[in-house]
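Asks: Here is a sequence together with a model predicted from it:
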Amino acid sequence: MEYKVFVYEGDTSKDDLSRRLAVDAVKAYCSAAGIAFDEARNLMREGENGKPYMEGLDVGFNVSHSGLLWMCMVGHAPCGLDLQVNREINIKKYNKIIQRYFTPNEQDFCERYGIEGFFRIWTHREAFGKFTGRGFYDQIPDFVGDDGLLKIEVEIPGTDRVAYVKDEPIAPDIFMAYCTEGEDDHVVFTE
């Protein structure tokens, strides 16, 4: 399945702008896919854990922003997206996060690949948490296998289902990962 990713560059720190951009992205996706969208009826809501959805619309979407970059992923099924712009990070804070939240395999991955490894795992964890709607701090699978490689297929804890988390190269200092239900799912960036 193909998911569309809409991109906006600029200050989106105001929630109203981010919500407006998300509604516009879903509306554009629906228009291109031939799906009826009524802004007065298909209101943006939040689920139990804050995962956004459009009322009465069978379309999945997710938003992420970092720095002055904002993205919204939209498709016919649930999805999760995370974006991180590499910035100066306090090494004490970095190590504290790794020790507190990352599994031993993930910690080894960070030791081997440094800040790039950290951001790759972080975006995978965030995209997965947004996909499930349970967030970053719920039961999260290990994203690094015993072979030391980053996993693409991960089990969804408490279910018999799997999800697929993939990196999408954007730039050397910008990390993006997305999570979907299908192994062959992919993203296409739109204007």
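Replies: Perfect, I can see it now.
Asks: Strands of this structure, residue ranges please.
Replies: Taking DSSP state E to define them, one finds strands in the chain at 2-9, 44-46, 52-54, 60-66, 69-75, 80-85, 153-155, 162-167, 174-180, 186-190.
Asks: Looking at those, which is nearest to Asp16?
Replies: Closest approach to Asp16 among these is made by strand 44-46 (11.5 Å; CB to CB). For glycine as for every other residue, the C-beta is placed from the backbone atoms N, C-alpha and C.
Asks: Residues contacting that closest one, please?
Replies: Applying CB atoms under 8 Å, 6 or more residues apart in numbering, the contact partners of strand 44-46 are 19, 22-23, 52-55.
Asks: follow-up on the earlier one: just put the strands of the chain in a markdown table and tack on distance to Lys93, mean pLDDT and mean neighbour count.
Replies: Output for the strands of the chain, formatted as a markdown table (distance: least, CB to CB, whole Å; pLDDT from 0 to 100; neighbours: other CB atoms under 10 Å):
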| stretch | distance to Lys93 | mean pLDDT | mean neighbour count |
| --- | --- | --- | --- |
| strand 2-9 | 27 | 97 | 17 |
| strand 44-46 | 29 | 93 | 12 |
| strand 52-54 | 28 | 94 | 20 |
| strand 60-66 | 16 | 96 | 22 |
| strand 69-75 | 22 | 97 | 24 |
| strand 80-85 | 14 | 96 | 23 |
| strand 153-155 | 26 | 96 | 14 |
| strand 162-167 | 23 | 97 | 18 |
| strand 174-180 | 17 | 97 | 25 |
| strand 186-190 | 30 | 95 | 13 |
